[in-house]
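**Student:** Sequence and predicted structure are below.
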Amino acid sequence: MREVRNSAGPLWICDTHDILAEGRWREDTSERILQSRKTLRFLSTLTGEKILCGDLNMPPNTKTIGMLGKKLNNLVIRHGITNTRSESYLKHAAYANGNEITDYAFVSRGINVTNLKFERSEASDHLPRVLECDLTRA
């Protein structure tokens, strides 16, 4: 987590890697739902705008992701991102199940996002996120 100060006030940038559930990959579990509740509770203690990014290990249609999307803008959905995985991941067909969204970027409602993209890279099985936003307030 990092706090960035600017003329519009504090901006908190948080990165997370959610838990994996053995045998229940990409499914809602009580532990994952609890983790999302704790994340939201923690974010509510921070004053200012917030960016939450990370590998959440969940597809977009789960309760876990929906909980975050009720409080924060889900940029992956808003920007029509369909894949957050690199070619090195897709070569391992045993792990790929057709839904290759596990990485997310969420922002608080006061952030004006001008662009979100996932850059092509083979440095990891996850693509790096590039988030551009206007932090000035009208």
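**Tutor:** Perfect, thanks for sending it. Numbering: from 1, shown residues only.
**Student:** Low-confidence ranges, the chain, go.
**Tutor:** The chain contains residues with pLDDT under 70 at 21, 86, 88-99, 121, 125, 136-138.
**Student:** Show me what counts as buried in the longest strand along the chain.
**Tutor:** Here the longest strand in the chain is taken by residue count, with DSSP state E as the criterion, and it is strand 9-17. Neighbour-count burial for strand 9-17 flags 11-12, 14, 16 (criterion: 16 or more other Cβ atoms under 10 Å). Heads up, the C-betas are built off the backbone N, CA and C, glycines and all.
**Student:** likewise stretch 122-133?
**Tutor:** Those buried within stretch 122-133 under the rule 16+ other Cβ under 10 Å are 125-127, 129, 131, 133.
**Student:** Using CSV, write down the CA coordinates of it.
**Tutor:** Coordinates of each C-alpha in stretch 122-133 appear next as CSV, following Å, rounded to 0.1, in the frame of the first residue of the first chain:
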residue,chain,number,x,y,z
GLU,A,122,6.3,-12.5,-21.1
ALA,A,123,7.9,-11.5,-17.8
SER,A,124,5.1,-13.2,-15.9
ASP,A,125,2.0,-15.3,-16.5
HIS,A,126,0.1,-12.1,-15.5
LEU,A,127,0.0,-9.1,-17.8
PRO,A,128,1.1,-5.8,-16.2
ARG,A,129,-1.7,-3.2,-15.8
VAL,A,130,-1.3,0.4,-17.0
LEU,A,131,-3.9,2.7,-15.4
GLU,A,132,-4.1,6.3,-16.5
CYS,A,133,-6.3,8.7,-14.5
